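Asks: A predicted structure for the sequence below; I have some questions about it.
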Amino acid sequence: MDIPVFKRHDPPVVLAPMAGISDSVFRRICIEHGCDFTYTEMVSAKGLFYGGSKTKELLRVSETERPCAVQLFGSEPDIISDMIKRIADESDGGIAMIDINMGCPMPKITGNGEGSALMRNIPRAAAVMEAAVKASRLPVSCKFRKGWDEKSVNAVEFAKAMEDSGAAVIGVHGRTREQLYHGAADWQIIAEVVASVSIPVLGNGDVFSGQAAVEMLKTTGCAGVMVARGAEGNPFIFDEIHAALEGRGYTPPTDYERMSEAIRHAEGFLNERDPRLFPELRKHMSWYTKGMRGALDFRRDVNVARSPAQMLELLYRFRDSLR
Ligand SMILES: Cc1cc2nc3c(=O)[nH]c(=O)nc-3n(C[C@H](O)[C@H](O)[C@H](O)COP(=O)(O)O)c2cc1C
């Protein structure tokens with residue numbers, strides 16, 4: 001099967017799915033910085049089934065942010081399979097792959113047996129994957145963790161079950177559900193998964209620099225690198241990683257250039273999404289300005305900005321102060 005995640009560069013460097021962060025605007029910006037593949041924020045299969053309008057918006061994938069996978073979460077094979085058929089019918093060809101979330105640690109997800117709870121129920125996870133593969137004309141992948149907790153590390157067994165159930169690609173985050181995002185990601189477990197399956201594995205966890213991406217590929221033998229928090233306020237990380245992989249020098253952007261990108265991000269968000277959601281931009285702006293002179297005052301002001309216009313004015317003013 002044609003696996004679009006590997007089309008642009010080999011090894012691919014991909015933007016991980018991140019709820020509340022990897023929206024269409026941010027995905028496009030990352031693609032412009034050399035990201036090879038993106039994922040939507042996680043979308044509830046059940047939410048889609050019951051026709052939520054927010055859920056539908058999450059599925060929109062425009063020309064400029066492709067290739068992009070849709071990430072679904074759910075634990076009911078029938079619903080997953082129906083929704084995959086519906087996505088395929090309604091998609092204008094913009095969706096490259098279907099990914100199933102089997103790693104989300106949030107209690108409101110795991111409490112329904114979804115996300116990382118599937119790691120405690122391999123037969124159910126396998127049934128979900130089999131149903132998805134059967135329903136989909138696109139490749140199906142899944143993303144999961146090292147295990148539920150340190151006492152039940154089962155990423156290798158889980159990976160084999162997903163391969164046997166027809167997954168075309170798997171993404172492995174080297175932390176347990178219990179760890180959430182704390183502690184160091186265990187790259188050794190990613191290496192063990194790589195050694196135990198023959199489908200491509202995307203390694204995930206703690207890639208915050210070009211050097212880290214090179215090391216992850218070397219240590220684990222993974223087929224590609226998946227970056228989440230390293231891209232927050234830093235879409236430049238994809239340029240940096242590709243430079244490191246190709247052994248090229250890399251000049252990081254100046255603070256002024258970073259702020260210009262932050263402004264482009266904010267303007268894209270306000271033009272293409274609902275401007276009333278502008279408070280969602282605050283976290284991004286705080287990440288873009290990390291470590292910059294005057295950032296604390298800027299953040300304080302941005303956090304109380306009462307309109308999109310006021311937020312943009314603060315952004316322009318702060319950028320000008322960096323000249
Ligand atoms: C704010 C936030 C939202 C996330 N949302 C999702 C999601 O929707 N689906 C998913 O599979 N993982 C999600 N993750 C997990 C990341 O994709 C990734 O596995 C994790 O952050 C480890 O990678 P990192 O060390 O590069 O950040 C999220 C992580 C963060 C920090």
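Replies: Cool, the structure landed.
Asks: in the longest helix belonging to the chain, what's buried?
Replies: Ranked by residue count, the top helix of the chain under DSSP state H comes out as helix 255-272. Judged by neighbour count (16 or more other Cβ atoms under 10 Å), helix 255-272 contains these buried residues: Asp255, Arg258, Met259, Ser260, Glu261, Ala262, Ile263, His265, Ala266, Gly268, Phe269, Leu270. The C-beta positions use only the backbone N, C-alpha and C, and glycine is treated the same way.
Asks: and stretch 268-284, by the same measure?
Replies: Across stretch 268-284, burial judged by 16+ other Cβ under 10 Å covers Gly268, Phe269, Leu270, Arg273, Phe278, Leu281, His284.
Asks: now it, how far from the centre of its chain.
Replies: Distance of stretch 268-284 from its chain centroid, counting by Cα atoms, centre = their mean, to the nearest Å, is 19 Å.
Asks: can you check stretch 164-171 too?
Replies: With Cα atoms, centre = their mean, you get 17 Å for stretch 164-171.
Asks: what mean pLDDT does that stretch have?
Replies: Average pLDDT, stretch 164-171: 98.
Asks: is it in proximity to the ligand?
Replies: No - Stretch 164-171 lies out of reach of the ligand by Cβ under 6 Å from any ligand atom, never closer than 7.5 Å.
Asks: contact partners of that stretch?
Replies: Applying Cβ atoms under 8 Å, 6 or more residues apart in numbering, the contact partners of stretch 164-171 are 1, 3, 5, 16, 97, 99, 125-126, 129-130, 132-134, 139-144, 159, 162-163, 193, 197, 199-202, 204, 223, 226.
Asks: what parts of this protein come near the ligand?
Replies: 16-21, 41-42, 71, 101, 103-104, 143, 173, 181, 185, 204-207, 227-230.
Asks: if we can go back for a sec, ok, so of the buried residues of helix 255-272, who is nearest Lys290?
Replies: Nearest to Lys290 among these: Arg258, at 9.3 Å, using Cβ to Cβ.
Asks: once you drop chain neighbours, what's closest to that closest one?
Replies: Nearest residue to Arg258, sequence neighbours excluded (Cβ to Cβ, 6 or more residues apart in numbering): Tyr288, at 5.7 Å.
Asks: distance check, that neighbour against the ligand.
Replies: As defined by Cβ to the nearest ligand atom, to the nearest Å, Tyr288 lies at a distance of 16 Å from the ligand.
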